[in-house]
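[1] sequence and computational prediction follow.
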Amino acid sequence: MSILESVSPQIFGVNLINLSDFLELLVRFCFNLAVVTVLVRYIYYPIARRKDYLFTYILISSVIFALCFLLENVKLQLGFALGLFAIFGIIRYRTSQIPIKEMTYLFLIIGVSVINALANKKISYTELVFANLVLIFVTLLLEKALLLKHELRKTIIYEKIDLIKPEKREELLKDLQERTGLKINRIEIGRIDFLRDIARIRIYYFESENQITGFDE
């Protein structure tokens with residue numbers, strides 16, 4: 001037992017503060033928060049412009065880190081971490097499914113948080129920093145260098161329901177491009193309401209080929 005632990009006051013047999021453990025928690029939390037902030041604020045957000053996911057990613061990362069770090073001494077380390085991946089890997093919002101790219105970022109920030117929280121003394125801080133920097137570099141490389149065209153999307157309520165037939169797809173695409181002024185890359189037809197003669201259509205277009213950007217509902 002260290003001197004700091006021996007002089008620390010106790011409440012119900014638990015130390016009021018363990019300075020060395022608290023400093024480790026503080027340093028690791030700040031480091032993890034910095035890494036996640038770079039990933040979601042300076043890599044993801046400038047492209048996606050989704051403030052709701054920005055809030056969600058940072059908050060989930062903080063919660064996951066706290067859970068993993070504070071329960072590190074409980075002998076559930078590997079199973080606990082895999083359980084978190086399983087739980088958050090099947091998350092679906094009540095309004096709509098999470099897009100595949102947003103799910104990938106969710107998986108990324110959960111993985112980073114688990115790594116930073118559960119890395120034990122067998123892993124040096126140099127290795128830990130290197131692992132985080134590699135994830136940041138690969139994400140940045142994919143977003144900025146390799147994936148030159150960023151695909152945006154809009155959801156449209158469309159009333160010309162007769163054009164949603166497969167044989168009229170080219171006519172539908174032309175009408176949508178004339179109405180939106182966008183060079184549409186592809187379209188997806190969602191829910192169809194025959195009672196009101198409307199259909200929910202999602203259009204996809206490349207940001208670099210259009211002068212305006214949009215947001216997803």
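    It's in.
[2] got the phi/psi numbers for residue 170?
    phi -70, psi -40 (degrees, to the nearest 10).
[3] for it, grab the count of nearby residues.
    9 (other C-beta atoms under 10 Å). (C-beta placed from N, C-alpha, C; glycine too.)
[4] if I look at it, how far off is residue 163?
    Applying C-beta to C-beta, to the nearest Å, the value for residue 170 to residue 163 is 10 Å.
[5] same question for residue 60.
    41 Å.
[6] helices of the protein, start to end?
    3-7, 19-39, 45-48, 51-70, 77-89, 100-118, 125-140, 169-180 (DSSP state H).
[7] and those, which one averages the lowest pLDDT?
    Comparing mean pLDDT across these, the weakest is helix 3-7, with a mean of 49.
[8] stretch 183-190: which residues count as buried?
    For stretch 183-190, burial by neighbour count (16 or more other C-beta atoms under 10 Å) applies to 184, 187.
[9] returning to that earlier point: please identify the most buried of the helices of the chain.
    Across the helices of the chain, averaging neighbours per residue (mean count of other C-beta atoms under 10 Å) puts helix 100-118 on top, at a mean of 19.
[10] with just CA atoms, put that helix into CSV.
    Extracted in CSV, the C-alpha atoms of helix 100-118 (Å, rounded to 0.1, in the frame of the first residue of the first chain):
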residue,chain,number,x,y,z
ILE,A,100,-23.5,2.4,-42.8
LYS,A,101,-20.9,5.2,-42.7
GLU,A,102,-22.3,6.5,-39.4
MET,A,103,-22.3,3.0,-38.0
THR,A,104,-18.7,2.6,-39.1
TYR,A,105,-17.7,5.8,-37.2
LEU,A,106,-19.7,4.5,-34.2
PHE,A,107,-17.8,1.3,-34.2
LEU,A,108,-14.5,3.3,-34.6
ILE,A,109,-15.1,5.5,-31.6
ILE,A,110,-16.3,2.6,-29.4
GLY,A,111,-13.1,0.7,-30.4
VAL,A,112,-10.9,3.6,-29.6
SER,A,113,-12.5,4.2,-26.3
VAL,A,114,-12.2,0.5,-25.3
ILE,A,115,-8.6,0.4,-26.3
ASN,A,116,-7.7,3.6,-24.4
ALA,A,117,-9.6,2.4,-21.3
LEU,A,118,-8.5,-1.2,-21.1
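[11] now do it against helix 125-140, angle only.
    For helix 100-118 against helix 125-140, the angle between stretch directions is 170 degrees (axes from the mean of the first three to the mean of the last three C-alpha atoms, to 10 degrees).
[12] which helices and strands does helix 100-118 pack with?
    Counting contacts by 3 or more C-beta pairs under 8 Å, 6 or more residues apart in numbering; DSSP states H and E, helix 100-118 is packed against helix 19-39, helix 51-70, helix 77-89, helix 125-140.
[13] mind putting these in a markdown table, distance to residue 108 included?
    Converted to a markdown table, those look like this (distance: least, C-beta to C-beta, whole Å):
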| stretch | distance to residue 108 |
| --- | --- |
| helix 19-39 | 7 |
| helix 51-70 | 9 |
| helix 77-89 | 11 |
| helix 125-140 | 7 |
